[in-house]
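**Student:** fold the following and give me the result.
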Amino acid sequence: MISIIIPVYNGAKTLETTLKSIENQTWRYFEVIIVNDGSRDNTSAVFENFTQNNNLENNYYFINQENKGAPSARNKGWQKSKGDFLFFCDADSILKPDILEKMIKTLESNKEASYAYSSFYWGSKLFKLWPFDAEKLKKMPYIHTMSLIRRSDFPTTGWDENIKKLQDWDLWLTMLEQGKTGIFIDEVLFKVQPVGSISSWLPSFFYKVFPFLPKVKEYRKAVEIIKKKHNLI
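**Tutor:** Numbering: from 1, shown residues only. Next up, the predicted model:
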């Protein structure tokens, strides 16, 4: 079974679309665990409306916690989950109907891989990725959080709740240090619809031309923290 874990904070505008894309999956053996990280909007009402107005054959769980950040919410969902595979799904994403099926079949065919990942859209921007490369991973974050992970290979410490940005990069580097690697699926299997402050992507030239921008400074600081933690400086 796949455990789909969704951390959400003020996600009322996008959550229903994400849940609908989950319900449209061709792979039907899954559970959904939503961890509401102290939302101040009507996120819970959106969930209740969705469950009441859809004939759901899978288990959907809604867990509330005070606002502690996405890593904490993901850990809460992971600890409550039962699946042999973990899929940490963003609450502002749209999944292609066959993403779970393709990812789990890829892992079943590649026993040496600990997780499967794909290319994706961030808004209108295509992030076209490439086969797993450990050396590239040490230099840059390129694998999205929304990858299918074998539970048996997921770090026993979970997500580092002290890491505030580039949490996915931190996770993949932690797994790499434990000898765990990924397998690439050469397709675009999901789209993220960033809303408001959630969106943090900037064109690459911004980092060279506008080093004084707060977002650029914040990103560079986050990179420094990750590299220091994993002895990559």
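**Student:** C-alpha only now, for contacts and for neighbours.
**Tutor:** Noted.
**Student:** could I get the average pLDDT for the longest helix that the chain contains?
**Tutor:** Taking DSSP state H as the criterion, the chain has its longest helix at helix 214-229. For helix 214-229, the mean per-residue pLDDT is 84.
**Student:** strands of this structure, start to end?
**Tutor:** Secondary structure of the chain (DSSP state E): strands at 2-8, 30-37, 60-65, 85-88, 93-95, 115-122, 125-127, 148-150, 182-192.
**Student:** next, format the ones you listed as a markdown table and append mean neighbour count.
**Tutor:** Output for these, formatted as a markdown table (neighbours: other C-alpha atoms under 10 Å):
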| stretch | mean neighbour count |
| --- | --- |
| strand 2-8 | 25 |
| strand 30-37 | 23 |
| strand 60-65 | 15 |
| strand 85-88 | 23 |
| strand 93-95 | 23 |
| strand 115-122 | 22 |
| strand 125-127 | 13 |
| strand 148-150 | 24 |
| strand 182-192 | 19 |
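**Student:** format these as a markdown table; extra columns: distance to residue 231.
**Tutor:** Converted to a markdown table, the strands of the chain look like this (distance: least, C-alpha to C-alpha, whole Å):
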| stretch | distance to residue 231 |
| --- | --- |
| strand 2-8 | 29 |
| strand 30-37 | 31 |
| strand 60-65 | 33 |
| strand 85-88 | 26 |
| strand 93-95 | 32 |
| strand 115-122 | 23 |
| strand 125-127 | 27 |
| strand 148-150 | 24 |
| strand 182-192 | 21 |
